[in-house]
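1. what shape does this take:
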Amino acid sequence: MPYNVPSNISTTNVSAGPGTLKLGPSGSTPTVDVGAIGDDGISLELTAEKLDLMQGNPATLEHSLVKTQGVKLTLNSVEWNHKLLQYALGAGTTAESASLHTFTFGGGPTVTTVAIEMTHLMAAGQTITARMWKARGAGPVGIAFGQDFHKFAHTYDAIRSATNWGGASLPVGDQLFQMVRQLT
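-> Okay, here's the model as predicted:
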């Protein structure tokens, strides 16, 4: 449902609210709903560190190359989800039955990778969908058992993937992340 914005403000580019997040095993479309997101929402950080070539006297910038690139997604979830700890830490094992959800952690060197899809509803009803083809939990995950709602702050770092979730090849330059704005 679109947000109520005063009629004198154009809602075409107005954005408010955190959105929804789904996680799942890397290599497939994510289906595990993370649950309610905390008041501070979801933050998406795109970085590109440059290697600059300086020439002349005085030295001036002549050319730049990208030295490192990164995509980081950070959020606070307020619902218990037995798979969330495994995904957020990039390790651990979950098991479930009708009466128990069990999470065990520690001692293994391998990192569990995930696929992430974040969908944000804009004020005019448009959506922005961000996809990380393959990511790992950046840890740590702190769980404070206090008087307020328990929040699970966690972060994910994108990992290069040669294919999207459907198995189609991704060209160089498209292998970390995709963002799509669906216009109404």
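2. so what's the residue nearest the centre of the chain bridging to?
-> Central residue of the chain (CA atoms, centre = their mean): residue 73, 3.6 Å from the mean position. Residue 73 has these beta-bridge partners by DSSP bridges: residue 44, residue 156.
3. kindly report the same for residue 182.
-> Beta-bridge partners of residue 182, counted by DSSP bridges, are residue 127.
4. just to revisit the earlier point, quick one: residues contacting the residue nearest to the centre of the chain.
-> Shown in contact with residue 73 (CB atoms under 8 Å, 6 or more residues apart in numbering): 42-45, 116, 118, 130, 132, 135, 155-156, 158. Every C-beta, even on glycine, is put in place using the N, C-alpha and C of the backbone.
5. same question, residue 25
-> Residues near residue 25 by CB under 8 Å, 6+ apart: 113-115.
6. any idea how far residue 135 is from it?
-> Separation of residue 25 from residue 135 (CB to CB, to the nearest Å) stands at 11 Å.
7. hey, what's in contact with both of the two?
-> Common neighbours of residue 25 and residue 135 (CB under 8 Å, 6+ apart) are 113-115.
8. now, the residues you listed that are in strands?
-> 113-115 (DSSP state E).
9. dump those residues into TSV; add neighbour count as well.
-> Compiled in TSV, these are given as follows (neighbours: other CB atoms under 10 Å):
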residue	neighbour count
113	19
114	24
115	24
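10. closest to residue 52 among the residues you listed?
-> Distance to residue 52 across these (CB to CB) is lowest for residue 113, with 32.4 Å.
11. tell me the confidence at residue 162?
-> pLDDT for residue 162: 95.
12. list phi and psi for it.
-> Here is the backbone geometry of residue 162 (degrees, to the nearest 10): phi -80, psi -10.
13. quick one: residues in contact with the worst-scoring helix or strand of the chain on mean pLDDT.
-> Least confident helix or strand, the chain: strand 142-143 with a mean of 76, by mean pLDDT, DSSP states H and E. Contact with strand 142-143 is made by 150, 152-153, as judged by CB under 8 Å, 6+ apart.
14. of the residues you listed - the most surrounded one?
-> Counting neighbours by other CB atoms under 10 Å, residue 152 leads those with 21 neighbours.
15. got the contact list for that residue?
-> Residue 152 neighbours (CB under 8 Å, 6+ apart): 76-78, 84-85, 88, 141-143.
16. give me the pLDDT value at the residue of the chain most remote from its centre.
-> Here the chain reaches farthest from its C-alpha mean at residue 57, the gap being 43.9 Å by CA atoms, centre = their mean. Model confidence at residue 57, given as pLDDT, is 95.
17. tell me if it really is in a strand.
-> No - under DSSP: H, G, I helix; E, B strand; the rest coil, residue 57 falls outside any strand and is assigned coil.
18. quick one: it from residue 63, how far?
-> 17 Å.
19. kindly report the same for residue 139.
-> 37 Å.
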